[in-house]
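*Asks:* sequence first, then the predicted structure:
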Amino acid sequence: MPVSVVIPAFDAARYLEQSLSDLQRSSVRPLECIVVDDGSTDDTAEVAARHGARVLSTGGRYGPAAARNLGAREAIGEILFFIDADVCVHTNTVRRVADSFADDPELDALVGSYDDTPGAPDFLSQYKNLMHCYTHQTARRTASTFWSGCGAVRRSVFVEHAGFDTGYGRPAIEDIELGYRMRHAGRKIVLDRDLLVKHLKRWTFWNLVKTDILDRGVPWTELILREGNMPNDLNVQLSQRVSVALALLLVVLAAAGAIYYGGAFLTPLLALLFFLLSRYWADEADVDPPPSRMLWFGGAVGTICALAWVYKMRMLIPLMLMSVLVLALRHRYTYPKARRPLPETLLVGLYLLAAVGLCLSYFPYHRFVLVLSLLLLVVIALNNQFFLFLAARRGRAFAVAAIPFQLLYFFYCGVAYAIGWFRYRFRRVLGLADGVSPAAAATDSEG
């Protein structure tokens, strides 16, 4: 079936070069490729045109929802295949989209998955993109929503549902919201785990937190409350919800322990977190790490050393100072993983085991700490399949290093839910939330 590829792009020239090159190598070429320039300040339009794409412009910065809608209106294919500018298709991706709709006349929309080889090599980007991959690879085949990172829909269905809600002026959950409307209308949406694309995005810590809270968590919470439905799928599975509750409880208990025990509890806790983050601090992919990370690293070393001195945990001090030397050596002498010298690997592993063991020995011997440890083990057990997935793809050390980031993820998901809940209730009190999105209202009025 004829497939039109639609790509919204904002300052995406660095990604489009590879994305469009891979699209041109598809075993089945799409009928057309439309790149919608959403007010870029770089040479996005020039790169797209050079690769043979049809370039449209929104005339300003209106967000990906408006850009996709514009591309869809101008497309001539029966199937609209949306991908992001930082996504690369596999050689069989377009063929799989076309064949899926041709083989199933009742199929209305199709979504795929990120593959397990993200483009950005640094730890944080690998962790976040692999988490997205795992989420889609373990989701239900009968999809509960739509995804525009790699999602196709019949043009007639897209038009019938008035496209994406342009009320989302920045990248948010406009695709999820469209999926909810299609599902409510009884449309058939399928998740094909073998419909794979590569994600090139490089995540930074603050961009990750901001995106998950402000662009995803809060608006998704409001959408769930508006619709009165929380599907047991994707990021809102029951195990994920329980993990969020336990992570919030862990933070509350840790804060209580810090208040009650003071530095006797806080010092080994901070040191333990520091050593668990060792893979993040000494990321081999960053030969020249960003200044912000080094600032956090230096501040953490200084703070923990000072606390260790005050609370007479002075064995921690040489281990903390040794971490500075280890980090310097890791960045001075970088090796591909396959060629990393065995003595170095063993020494670093023994050093980290000794550091973690010493941190644990300094915790107060009290049932409170035991309860805290058991809660942590429960969260890890609930998500053991994800950590096993990471271990199988990137090794056990990578999976262990992901634990604090996953706990942080669950914690700020809880924060996002609380913000979204209060914001939704506040808007309801003021009469600003009528429970219907603009696109949904347009769909109802047309029907």
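*Replies:* Alright, I've got the coordinates.
*Asks:* where in this structure is pLDDT low?
*Replies:* Applying pLDDT under 70 to the chain flags residues 231-236, 284-289, 328-345, 432-447.
*Asks:* and the longest strand for it?
*Replies:* strand 189-199 (DSSP state E).
*Asks:* could you list the buried residues of the helix or strand following it?
*Replies:* Elements were assigned by DSSP states H and E; along the chain past strand 189-199, the next helix or strand is helix 205-210. Going by neighbour count (16 or more other Cβ atoms under 10 Å), the buried part of helix 205-210 is 208-209. Quick note: C-beta positions are derived from backbone N, CA and C, even for glycine.
*Asks:* which ones are touching residue 349?
*Replies:* Shown in contact with residue 349 (Cβ atoms under 8 Å, 6 or more residues apart in numbering): residue 397.
*Asks:* assign it to helix, strand or coil.
*Replies:* helix (DSSP: H, G, I helix; E, B strand; the rest coil).
*Asks:* sorry, back to before: check which helices and strands the longest strand of the chain is in contact with.
*Replies:* Identification of packing neighbours for strand 189-199 by 3 or more Cβ pairs under 8 Å, 6 or more residues apart in numbering; DSSP states H and E yields strand 87-89, helix 93-103, strand 109-114, helix 123-137, strand 150-154, helix 174-184.
*Asks:* and residue 319, which of those is closest to it?
*Replies:* Proximity to residue 319 (Cβ to Cβ) singles out helix 123-137 among these, at 21.4 Å.
*Asks:* number of nearby residues for the closest residue in space to residue 148 that isn't next to it in sequence?
*Replies:* Nearest residue to residue 148 in three dimensions, chain neighbours excluded: residue 175, at 3.8 Å (Cβ to Cβ, 6 or more residues apart in numbering). For residue 175, the tally of surrounding residues (other Cβ atoms under 10 Å) stands at 23.
*Asks:* residue 175 and residue 165 touch, don't they?
*Replies:* No - if you go by Cβ atoms under 8 Å, residue 175 and residue 165 don't touch, sitting 9.7 Å apart.
*Asks:* coming back round to it: could the helices and strands packed on strand 189-199 be laid out in JSON lines, adding distance to residue 202?
*Replies:* Compiled in JSON lines, the helices and strands packed on strand 189-199 are given as follows (distance: least, Cβ to Cβ, whole Å):
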{"stretch": "strand 87-89", "distance to residue 202": "14"}
{"stretch": "helix 93-103", "distance to residue 202": "22"}
{"stretch": "strand 109-114", "distance to residue 202": "14"}
{"stretch": "helix 123-137", "distance to residue 202": "5"}
{"stretch": "strand 150-154", "distance to residue 202": "19"}
{"stretch": "helix 174-184", "distance to residue 202": "22"}
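*Asks:* so for residue 350, which of these sits nearest?
*Replies:* helix 123-137 (21.1 Å).
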